[in-house]
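Visitor: need coordinates for the below:
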Amino acid sequence: MTEQGHDHRDADGHAGHSHDPLEMGAALRVRALEELMIAKGLVDPEALDSVVEYYEREVGPRNGAAVVARAWTDPAFKVWLLEDGTEAIHSMGFTGYQGEHMHVVENTDLVHNVIVCTLCSCYPWPVLGLPPAWYKSAAYRSRVVREPRAVLAEFGLEIPVSTEVRVWDSTAEIRYMVLPQRPAGTENMSSRELADLVTRNGMIGTARV
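Guide: Residues are numbered from 1 along each chain as shown. Reported below is the predicted structural model:
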């Protein structure tokens, strides 16, 4: 299979990429407030980091994991999720800022998907939590588009040459989420057990489940 470049089309299929100005403004205000509170001794930086880590790795990603587990066990829901990710995800109660327009892409033996935001850090917070620092880094945002296989290899993920790599560029209009492949040997596992297997990186596309 050939390797596909990043997709710069918005929800209406038009070329281009815009970021959310509210996101940029909010990020700057939060950063300024954080630095001020730390400087005045009102916040312990380590405690703040632990809170961020909790929301980054536990709260949001567990929502996405529940979506994935349901798709693995409910064929009708999986079809709905891939056809209209926004409505399917919202039906499970996972709504909110940066989750208004969702598109879910499925990993298969022939296609591996990975998501990025090349201009800023557009990211589906309601299902993946806070974006990891590396997702917002200039290195990831530029390199995963140009050399996705090399970047994925640095995450410990080797993609066979027979598998096409598709990079999806999130924008202010649409956010992407990867539906990982269900691991073999999990046929008798419950939805809760399946959800426990799903990681944030698996839903970004930088890891397998």
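Visitor: got any ranges where this protein has weak pLDDT?
Guide: In the predicted model of the chain, residues 1-31, 34, 48-59 satisfy pLDDT under 70.
Visitor: got the end-to-end distance for stretch 129-138?
Guide: One end of stretch 129-138 to the other measures 20 Å (Cα to Cα, to the nearest Å).
Visitor: any idea how far that stretch is from the middle of the chain?
Guide: Centre-to-centre, stretch 129-138 and its host chain are 10 Å apart (Cα atoms, centre = their mean, to the nearest Å).
Visitor: and the most centrally placed residue in the chain, what does it touch?
Guide: Geometric centre of the chain, nearest residue: Ile204, 3.9 Å, by Cα atoms, centre = their mean. When contacts are counted by Cβ atoms under 8 Å, 6 or more residues apart in numbering, Ile204 touches 114-115, 128, 135, 178. Every residue, glycine included, has its C-beta placed from N, CA and C.
Visitor: and of the residues you listed, the nearest to Glu106?
Guide: Val178 (7.8 Å; Cβ to Cβ).
Visitor: doesn't that closest one fall inside a strand?
Guide: Yes - according to DSSP: H, G, I helix; E, B strand; the rest coil, Val178 belongs to a strand.
Visitor: from Trp168, how far off is the residue nearest to it when sequence neighbours are not counted?
Guide: What sits nearest to Val178 in space, not counting adjacent residues and going by Cβ to Cβ, 6 or more residues apart in numbering, is Gly205, at 4.4 Å. Noted for Gly205: a distance of 8 Å to Trp168, by Cβ to Cβ, to the nearest Å.
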